[in-house]
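Visitor: Following is a predicted model, sequence given first.
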Amino acid sequence: MSDLIETQTYPWLLPLAAVAALLLVWLLYRVLSRQGGSLDRAIAEISFDRIEGLVIPKADEGEILIDYLLLTTQGLLILEVKDVQGIVFGGDKMQDWTVINKERRYTFSNPQPALYDRIAAVRQIVRQVPVAGRILFLDGAEFTKGVPALVCDLNELINEFGEPDKNAAKFKIEAFKPHWELIRKGALNISTL
């Protein structure tokens, strides 16, 4: 009975709460989709097909996981995505890279050697197609002491792998299609690993 009395006393409370909840959901969606939306748009702009979470045999032994494998007009592109916020200190010869932001300081292993392994594994399957790799840092990462090799941001990725002439792109992509299918056939089923 007290709930009924409160609702009747403050009839504006329920609509206000509903509007506040919708506003909160909308803001959360905008924050979370900002990075993912930009990434999806960039991938759509530079690639004509993609495989996410690809597992293939490693060049020497075992298996290797690839975040994104993209079919571009320049060949195949392996994309490793890093979503870090803050200043990043990293270099080609450094074993660990450091991120410093307002909340904390932390390190992670240099991602370049693992990317080179991924490139070698893909090249083992498609020997006649160019294979490139990039470590993509999303918005929020800043390299103040120089950018290591194979590292880029979304704009650099689009500038390097984008194809302004979509008609010419179709011919280039068709040449890579048989090799792209080899990758699909060479992929391991994740559920059986």
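Guide: Received the coordinates, thanks. None of these values were measured; they are calculated from a predicted model.
Visitor: the strands in the chain, which residues?
Guide: Applying DSSP state E to the chain gives strands spanning 49-57, 63-72, 75-82, 86-89, 96-100, 105-109, 131-137, 141-143, 151-152.
Visitor: And the average pLDDT for the fifth one is what?
Guide: Put plainly, it is strand 96-100. Confidence for strand 96-100, expressed as mean pLDDT, is 95.
Visitor: ok, now the longest one?
Guide: For strand 63-72, the mean per-residue pLDDT is 94.
Visitor: Bridge partners for the residue positioned nearest the centre of the chain, pull those for me.
Guide: Nearest to the centroid of the C-alpha atoms of the chain, with distances taken as CA atoms, centre = their mean, sits V81, at 3.8 Å. Listed beta-bridge partners, V81: L136 (assigned using DSSP bridges).
Visitor: Distance of it relative to D67?
Guide: 6 Å (CB to CB, to the nearest Å). C-betas here are computed from N, CA, C, even on glycine.
Visitor: R184 contacts I56, correct?
Guide: No: using CB atoms under 8 Å, R184 is not in contact with I56; the gap is 10.1 Å.
Visitor: For the two, indicate the residue with more neighbours.
Guide: Using other CB atoms under 10 Å as the criterion, R184 and I56 rank with I56 on top: 20 against 12.
Visitor: Now do the shared contacts for V81 and D67.
Guide: Both V81 and D67 lack any common contact, where contact means CB atoms under 8 Å, 6 or more residues apart in numbering.
Visitor: Go ahead and measure how far stretch 73-84 is from the middle of the chain.
Guide: Taking CA atoms, centre = their mean, to the nearest Å, one finds stretch 73-84 lying 7 Å from the centre of the chain it belongs to.
Visitor: Pull out the buried positions in that stretch.
Guide: Buried residues in stretch 73-84, counted by 16 or more other CB atoms under 10 Å: 73-80, 82, 84.
Visitor: Excluding covalently adjacent residues, which one is nearest to V151?
Guide: Once flanking residues are discounted, V151 sits nearest to I135: 4.9 Å by CB to CB, 6 or more residues apart in numbering.
Visitor: count of neighbours near that neighbour?
Guide: 22.
Visitor: Also K170?
Guide: 12.
Visitor: circling back: give the contact list for the residue nearest to the centre of the chain.
Guide: 39, 67-68, 136, 138.
Visitor: Let me see the ranges of the helices in the chain.
Guide: Assigned by DSSP state H, the helices in the chain fall at 2-9, 13-46, 112-125, 154-161, 166-186.
Visitor: hmm, who's touching the third one?
Guide: If you take CB under 8 Å, 6+ apart as the criterion, helix 112-125 is touched by 56-59, 64, 66, 69, 76, 78, 80, 92, 131-135, 148-150, 182-183, 186.
Visitor: Report the rounded mean pLDDT for that helix.
Guide: 94.
Visitor: next one: the first one
Guide: pLDDT averaged over helix 2-9 equals 54, rounded to a whole number.
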